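**Q** All I have is the shape, not the residue letters:
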């Protein structure tokens, strides 16, 4: 069994600055189970694979090694990340890297679910 799924999950998790425990909690699985996915000892069920894809805004085909992330998703990720890299404080309090990662996830989730017709208003 190759571990391309596990490597992709691990890379996505690290890019989001998340621990295995944090991602496992979001996915509703045990951290040890996630660890086994990342090391190739187990493969996620279709249900969990869909949760991972939805959470990271990638396709299941990408996780399975059948495609690369879309250029549109890469562009949104880079733009949001660049904008957030300039946020140093909010309400007089410093913004940490962890805060930025959470803000990025929120912004991407919002942009992904937004009605395309809103752009013209």
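**A** Sure thing, it's come through. Small disclaimer: the values here were computed from a predicted structure and weren't measured.

**Q** from the chain's centre, how far out does stretch 11-27 sit?
**A** With C-alpha atoms, centre = their mean, to the nearest Å as the basis, stretch 11-27 stands 8 Å off its chain's centre.

**Q** That one: which residues count as buried?
**A** Buried positions in stretch 11-27, judged by neighbour count with 16 or more other C-beta atoms under 10 Å: 12, 13, 16, 17, 18, 20, 22, 23, 24, 26, 27. The way it works is simple: take the backbone N, C-alpha and C, and place the C-beta from them, glycine included.

**Q** Check stretch 93-109 too.
**A** 100, 101, 103, 104, 105, 107, 108.

**Q** Give me the distance between residue 4 and residue 62.
**A** 10 Å (C-beta to C-beta, to the nearest Å).

**Q** Show me where the chain has its strands.
**A** Applying DSSP state E to the chain gives strands spanning 89-90, 93-94.
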